[in-house]
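Chemist: Build me a model from this:
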Amino acid sequence: MISAANLTLLYGQLPLEQRFSAARADGFRNVEILFPYDQSPQWYADRLHENELNLVLVNTPTEAGTAQWGRAAIPGQERAFRQDFSRVAELCEVTACKAVHVMVGCLPPEAHSAGREVLLSNLEWAAGQVPDLVLQLEALNSEDVPGYFYSKPSIVRSILQEAKLASAGMQFDFYHVLREGLELEAELEASLPWVRHVQVAGTPERNEPDLERDTGFLAGFRRLHEAGYLGCVGFEYRPADSISEGLRWAAALKPYFSQLPTAAFR
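Modeler: Have a look, this model is predicted:
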């Protein structure tokens, strides 16, 4: 496993341009950015290159209103989704990013059947456009994001099973699983065949994880290691105080990671 800094949350109190150098100073080599659309793709590519960072994950675009949480599963917005995907595909090409979190949007329960069909169709289309780009689906908990199309990893698993797309997988977030009131170890075990990216934050405040308080965290990292997971673990949380000092929580994970931020050991 290797660590990745979420520049949007972990370094969100800094001006955008300073986040890259701050992450590098703390010893990160890989970063995530939620919505890197306020500057040109080349601007982001230049900042990454200057700081010797790899961009490993971005989200599809969102917008205020009906697409606040994305639109990949919203009937009637297929054309807009394709425009969104074209933007993220260009960004990934310029920045060499290999994975995208496909944001699916919020739907009332009575629209879920239609939304599922739209999502499957959109995933198939997107996979055909850029076959090498990993399309990731993530369950967002119903406390933080009421009405999101799925809040449980089991629904994501069922969609991926039906989609049968080699380039599609799951973005498994420890925080969202616990915030949803689910059993972390059981959900991780069931999801392992589909997990392509992992993210972590402490519950319920979404600050640094506490490996003693956050039930199942250590066991989850141990299981990922045993399963041979070699992908990224995104540190997607808001620091309670100092960013660098807060990273010390991760020092206990050294046996499971091939790459951790150096700030964790200062």
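Chemist: Could you look up the SS state of the residue nearest to F265 when sequence neighbours are not counted?
Modeler: Once flanking residues are discounted, F265 sits nearest to A251: 5.6 Å by C-beta to C-beta, 6 or more residues apart in numbering. C-beta: built from backbone N, CA, C; applies to glycine. Using DSSP: H, G, I helix; E, B strand; the rest coil, the structure places A251 in helix.
Chemist: Quick check: A251 touching A264?
Modeler: Yes: using C-beta atoms under 8 Å, A251 is in contact with A264, at 4.6 Å.
Chemist: These two - which one has more neighbours?
Modeler: The neighbour count for A251 versus A264, taken as other C-beta atoms under 10 Å, is higher for A264 (22 against 14).
Chemist: and the more buried one, that one's in a helix?
Modeler: Yes: inclusion of A264 in a helix is indicated when three-state DSSP is applied.
Chemist: Residue numbering should commence at 503 henceforth.
Modeler: All right, first residue 503 from here; so that's A766.
Chemist: Look up how far K756 lies from it.
Modeler: 8 Å (C-beta to C-beta, to the nearest Å).
Chemist: Over to H614?
Modeler: Distance from H614 to K756, by C-beta to C-beta: 43 Å.
Chemist: Neighbour count for these two, which is higher?
Modeler: Taking other C-beta under 10 Å, H614 and K756 do not tie; H614 has more neighbours (15 against 11).
Chemist: What helices and strands are in contact with the strand or helix carrying that one?
Modeler: Secondary structure from DSSP states H and E places H614 in helix 614-631. Using 3 or more C-beta pairs under 8 Å, 6 or more residues apart in numbering; DSSP states H and E, the elements in contact with helix 614-631 are helix 580-597, strand 636-639, helix 655-665.
Chemist: Which of those has the highest mean neighbour count?
Modeler: Mean neighbours per residue, mean count of other C-beta atoms under 10 Å, is largest over the helices and strands packed on helix 614-631 for strand 636-639, with a mean of 24.
Chemist: ok so, going back, quick one, which of the helices and strands packed on helix 614-631 gets closest to R740.
Modeler: Closest of those to R740 is strand 636-639, at 21.7 Å (criterion: C-beta to C-beta).
Chemist: per-residue confidence averaged over that closest one?
Modeler: Strand 636-639 carries an average pLDDT of 98.
Chemist: and that strand, what other elements does it pack with?
Modeler: Identification of packing neighbours for strand 636-639 by 3+ C-beta pairs under 8 Å, 6+ apart yields strand 601-603, helix 614-631, helix 655-665, strand 670-675, strand 697-702.
Chemist: how distant is the first one from the center of its chain?
Modeler: It stands for strand 601-603. 7 Å (C-alpha atoms, centre = their mean, to the nearest Å).
Chemist: Partner strands of it and their direction?
Modeler: strand 556-561 (parallel), strand 636-639 (parallel) (DSSP bridges).
Chemist: Could you dump the ones you listed into CSV and include distance to S588?
Modeler: Listed next are these as CSV, based on distance: least, C-beta to C-beta, whole Å:
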stretch, distance to S588
strand 556-561, 14
strand 636-639, 14
